[in-house]
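Asker: the following block contains a protein sequence and its predicted model.
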Amino acid sequence: MAIDFSKNATHVVAFPSKVASAMGQYGHVINFVMNANVDNSVLGTKGTYVSFDQYNRVEVADNKVEGVIREINNSEGGNYVEFTKLDGQIFFVYNTPKSPYPEVELRDEALFYNASGDVTQGMELHLGDLVSLSDAAFTGTPAVGKTVKYSAGKYVVQ
């Protein structure tokens, strides 16, 4: 992961709270080679094969993924989204943010993003999987019970 030193940087803070493939239950965990700077929380599908267990990430087309906001301001500091529609094999992009700096202000997860060229985990999603997303992941205001549709790297509140 890369760190953004620009003033007031706000990247998405995400966590695969209840993603079956991340817990080793079922589904694949693959490695994506990033072709652009992206935040944790973006979705992808397998693109061209790069090397053993590495694929280029392809952005998910509009209207392929939907979910419902189940909780806001959860214990992880985000909003829980449960996936209710997954059209095809869809992966949740996530790398654990780790700061090489001892200063507390440089450990803020909102400073981190996946840089172009980075190799990042992609966790296969299944209906009912739950992820935690900060407000920066959404277009619109998250509220319990609202539907979200994934479009161009954002979760659009309906």
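Answerer: That came in fine, so what should we check first?

Asker: in the protein, which residue is closest to the centre?
Answerer: Centre of the chain computed as the mean C-alpha position; nearest residue by CA atoms, centre = their mean is Ser41, 1.2 Å away.

Asker: what strand or helix carries that one?
Answerer: Secondary structure assignment for Ser41, by DSSP states H and E: no helix or strand.

Asker: what residues are up against it?
Answerer: Under the criterion of CB atoms under 8 Å, 6 or more residues apart in numbering, the neighbours of Ser41 are Val12, Ala14, Phe92, Val93, Tyr94, Val131, Leu133, Ala137, Tyr155. All C-beta spots, glycine's among them, are computed from the backbone N, C-alpha and C.

Asker: please apply the same query to Ala137.
Answerer: Ala137 is in contact with Val12, Ala14, Asp39, Ser41, Asn79, Lys154, Tyr155, counting by CB under 8 Å, 6+ apart.

Asker: reformat these as a markdown table; add secondary structure.
Answerer: Conversion of the contacts of Ala137 to a markdown table gives the following (DSSP: H, G, I helix; E, B strand; the rest coil):
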| residue | secondary structure |
| --- | --- |
| Val12 | coil |
| Ala14 | strand |
| Asp39 | coil |
| Ser41 | coil |
| Asn79 | strand |
| Lys154 | strand |
| Tyr155 | strand |
